[in-house]
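In: Take this sequence and fold it.
(chains A and B)
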Amino acid sequence: IHKKIPVLIHNGKPICESLIIVEYIDEVWHNKSPLLPSDPYQRSQARFWADYVDKKAYSTGKRVWSGKGEDQEAAKKELTEFLKTMEGELGEKRFFGGDTIGFVDVALVPFTSWFHTFENFGQFSIEAECPKFIAWAKRCLEKESMAKSLPDPENIYGYALGLKKK
Amino acid sequence: MAEKVKLFNTWSSRFGLRIVWALKLKGVEYDSINEDLSNKSPLLLQYNPIYKKVPVLLHNGKPTSESLVILEYIDETWKHNPLLPEDPYEKATARFWAKFGDDKVMSSIWSAFTNEGKEQEDAIGQAIENLNFLEEQLKGKKFFGGEKIGLTDLALGWLANLVRVFEEIIGVKIIDHERFPSLLAWTQEFAEAPIIKESWPPHDKLIVKFQAIRDAHLAATRPK
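Out: The predicted structure follows:
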């Protein structure tokens, strides 16, 4: 339908759309490390924030690295506001999922691989603006499963440079 | 003890309507709070600070926003008459098509509705491609949920009513019998289903409202 990745194939059946895949994984392999809480209200909040990440993060980020002048400045401001909103939601928790990594952490952490690119193109420091957010990202990267699977920020920067040249 | 359920909504919201249907299908009693979107209530802004939109469901004082998220919350809180199947794969499939409806079908049909000329033609082409996928998905089934109405049907419900309003205004039939026999049959079955049928907003009011929206869009994009 969308001709995009990721596609998960389990027992020969395909599942598409990353957050839908994450929920599927959470339901099928429910015995270990649940990503969603069991309480329906907390689940709705987790889904809401993961959906917000999907709607806001990448489109704003794209305008930061591919934009110029006023557009870029506006995008930087929006990005900072987005990260501050997420900081607010995180509060004093270690992770969005509480003491352990949860659904929103999984939705958001891949976005951090783009920060090096945003900072280079946008000429600003995300850590200076949103230290709590960076502290959270660092905590996530202490997890081997996350650290090993995220793309190298340098590679992403190289990729963006290539795209910008076209 | 009666649980307090409140729904912030407007008379015409196709997203709020999903929640009305879900609550009624499950027999959940609720209070409806009608919002004027040109003058949003402080409560709405407090309960949905991110998007400031309807619908918002308030249950025991706790707010939830985004209609598809609210539908899942309702399904998990009031477990009778389930909207989603038990099997994880079938659940994922139902969620996929609901999301597809919002991401692709709605945006292409909206684009067709708010444009004219070549832009409209292109948008209609896109919409037809997207509707084809739904047609295939539906083949042989009464509802997207199978024998009973499910989450996907509620998410796509606007196709059974609002699209007719758009078609009337732009004078183009998008869901026609030749291309989409199953989809057309579904729109009729769904529109006439008990509970669904009682909740449709008045057709004439919708025509007036959406004609004005289309006029405003065209005025904004036409060269001066």
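
In: can you list the residues that contact the longest helix along chain B?
Out: Ranked by residue count and defined by DSSP state H, the top helix of chain B is helix B:117-138. Residues outside helix B:117-138 that contact it (CB atoms under 8 Å, 6 or more residues apart in numbering or on different chains): A:1, B:97, B:100-101, B:104-105, B:108-109, B:111-112, B:115, B:144, B:156, B:159, B:170, B:172, B:174-175, B:179-183, B:186. For every residue, glycine as well, the C-beta is placed using N, CA and C.

In: What parts of chain A come near chain B?
Out: Counting by CB under 8 Å from any CB of the partner chain, the residues of chain A close to chain B are A:1, A:10, A:13, A:15-17, A:20-21, A:23-24, A:27-28, A:40-41, A:43-45, A:47-48, A:51-52, A:85.

In: residue contacts, A:Val53?
Out: Counting by CB under 8 Å, 6+ apart, A:Val53 makes contact with A:Met86, A:Val104, A:Ala107, A:Leu108, A:Phe111.

In: Also B:Leu45?
Out: By CB under 8 Å, 6+ apart, the contact set of B:Leu45 is B:Lys52.

In: Which pLDDT value belongs to it?
Out: What the model reports as pLDDT for B:Leu45 is 96.

In: How about the residues of chain B by chain A?
Out: Close to chain A, as judged by CB under 8 Å from any CB, chain B has residues B:50, B:59, B:62, B:64-66, B:68-70, B:72-73, B:76-77, B:88-89, B:91-93, B:95-96, B:99-100, B:133.

In: So which residues of chain A form helices?
Out: A:18-28, A:40-66, A:69-90, A:103-108, A:115-122, A:126-129, A:131-141, A:144-149, A:153-165.

In: is it possible to export those to CSV including mean pLDDT?
Out: Shown next, in CSV, are the helices of chain A (pLDDT from 0 to 100):
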stretch, mean pLDDT
helix A:18-28, 95
helix A:40-66, 95
helix A:69-90, 97
helix A:103-108, 96
helix A:115-122, 95
helix A:126-129, 95
helix A:131-141, 96
helix A:144-149, 90
helix A:153-165, 90
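
In: now those helices as TSV including distance to B:Phe15?
Out: TSV is the format used below for those (distance: least, CB to CB, whole Å):
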stretch	distance to B:Phe15
helix A:18-28	19
helix A:40-66	13
helix A:69-90	22
helix A:103-108	22
helix A:115-122	32
helix A:126-129	33
helix A:131-141	30
helix A:144-149	34
helix A:153-165	35
